[in-house]
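A.B. asks: what follows is a predicted protein model with its sequence.
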Amino acid sequence: MDIGSVGSLTSALSQAQTGDAVGLLVMKKAINAQEQSALQLLQALPQMTSNPPNLGNSVDVKA
């Protein structure tokens with residue numbers, strides 16, 4: 001193994017690690033943005049109204 005190639009190998013590995021770290025940060029930011037959008041959509045849904053108390057108390061089984 002050539003001594004000169006060791007320096008270039010460590011440089012390449014360092015660049016790969018930096019690239020991976022940047023990719024992870026971008027992915028985390030994208031996930032956080034999607035989470036915020038989903039929460040806003042859920043909060044925008046209208047509140048459920050309760051059904052009248054007599055609804056569903058009897059079932060007509062005569063056909």
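C.D. replies: That came through fine. Numbers count the residues shown, from 1 in each chain.
A.B. asks: can you get me a residue count around V22?
C.D. replies: Look at V22: counted by other Cβ atoms under 10 Å, it has 10 neighbours. For glycine as for every other residue, the C-beta is placed from the backbone atoms N, C-alpha and C.
A.B. asks: which SSE is it in?
C.D. replies: Secondary structure from DSSP states H and E places V22 in helix 3-44.
A.B. asks: which SS class is the residue lying farthest from the centre of the chain?
C.D. replies: For the chain, the largest distance from the centre (Cα atoms, centre = their mean) belongs to K62, which lies 49.8 Å off. Secondary structure, DSSP: H, G, I helix; E, B strand; the rest coil: K62 is coil.
A.B. asks: please report how far T49 lies from L55.
C.D. replies: 12 Å (Cβ to Cβ, to the nearest Å).
A.B. asks: again with K28
C.D. replies: 46 Å.
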